[in-house]
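Participant: Okay, predicted coordinates and the sequence, questions at the end:
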Amino acid sequence: MSPADILPPQRAAVLDFLRRELAAGRAPSLAEVAGAFGFASRNAAYKHVQALVADGLLELAPGRKRGLRLPGRPDQLPLPVLGQVAAGQPIGADIGSDELLLLDRALFSDRPDYLLKVKGNSMRDDGIFDGDLVAVKRASEARNGQVVVARIDGEITIKRLERSKTRIRLLPRNPEHAPIELRAGQDFAIEGVYCGLVRRG
């Protein structure tokens with residue numbers, strides 16, 4: 001008989017809820033667990049979660065706000081969705097989303113640090129479409145030809161980097177969009193490099 005077979009009914013219900021959420025790639029916060037079960041405070045949710053971890057039914061990654069994961073799945077990455085990135089004209093970054101997804105490490109060419117939601121179709125010929133979540137690895141440098149997330153005058157965009165001795169251009173992958181050519185003195189920084197995407201149904 002496994003520990004899950006002898007849980008009190010409410011704790012079993014919490015475990016079932018967490019398993020469903022984690023399997024779907026979502027890592028609920030204690031506040032979300034408390035809300036789902038009508039607990040008066042996060043403390044009650046915390047006690048259930050700690051007991052489930054102690055029984056080996058859940059694992060908790062140290063130092064993470066939403067570090068719960070299913071046992072035996074260490075290759076899952078908890079990635080925050082930090083906002084939007086324009087695949088079109090640059091748009092302001094919408095930093096501060098509280099959403100966090102658990103995703104298979106094998107989905108990505110390199111280990112990403114966060115996700116950004118794509119708005120627009122300027123990168124469609126690279127297979128990046130409106131509504132996709134692009135995985136980004138923080139970096140301040142990139143090779144010529146890499147797809148990068150860049151900040152231009154405080155706004156964020158995703159494009160293919162073209163760098164020469166005399167100029168930097170950010171190239172769309174859709175002929176309906178014009179390249180962005182950086183002007184002298186313009187505020188520009190590479191925020192990260194693209195390393196995969198997630199498309200939700």
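Facilitator: Yes, it's here.
Participant: And Lys47, how far from Pro8?
Facilitator: 11 Å (C-beta to C-beta, to the nearest Å). Where C-beta positions appear, they are placed from N, C-alpha and C, glycine not excepted.
Participant: got the CA coordinates for the longest helix seen in the chain in CSV?
Facilitator: The residue-count maximum for a helix in the chain (DSSP state H) belongs to helix 9-23. Provided in CSV are the C-alpha atoms of helix 9-23 (Å, rounded to 0.1, in the frame of the first residue of the first chain):
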residue,chain,number,x,y,z
PRO,A,9,-9.7,12.7,2.2
GLN,A,10,-8.9,16.4,2.1
ARG,A,11,-5.1,15.8,1.7
ALA,A,12,-5.9,13.3,-1.0
ALA,A,13,-8.0,15.9,-2.8
VAL,A,14,-5.1,18.4,-2.5
LEU,A,15,-2.7,15.9,-4.0
ASP,A,16,-5.1,15.1,-6.9
PHE,A,17,-5.4,18.8,-7.6
LEU,A,18,-1.7,19.4,-7.6
ARG,A,19,-1.0,16.3,-9.7
ARG,A,20,-3.4,17.6,-12.4
GLU,A,21,-2.0,21.1,-12.3
LEU,A,22,1.6,20.0,-12.4
ALA,A,23,0.9,17.4,-15.2
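Participant: Next secondary structure after that helix?
Facilitator: helix 30-37 (DSSP states H and E).
Participant: what angle do that following helix and helix 9-23 make?
Facilitator: 120 degrees (axes from the mean of the first three to the mean of the last three C-alpha atoms, to 10 degrees).
Participant: where does Ala45 land in three-state SS?
Facilitator: helix (DSSP: H, G, I helix; E, B strand; the rest coil).
Participant: related to what we said a few turns ago, out of Lys47 and Pro8, which sits in the busier spot?
Facilitator: Per other C-beta atoms under 10 Å, whichever of Lys47 and Pro8 has more neighbours is Lys47, with 13 against 10.
Participant: Surely Gly196 touches Leu107?
Facilitator: Yes: between Gly196 and Leu107 there is a contact under C-beta atoms under 8 Å: 5.4 Å.
Participant: what touches both of the two?
Facilitator: Counting by C-beta atoms under 8 Å, 6 or more residues apart in numbering, the shared contacts of Gly196 and Leu107 are Ala135.
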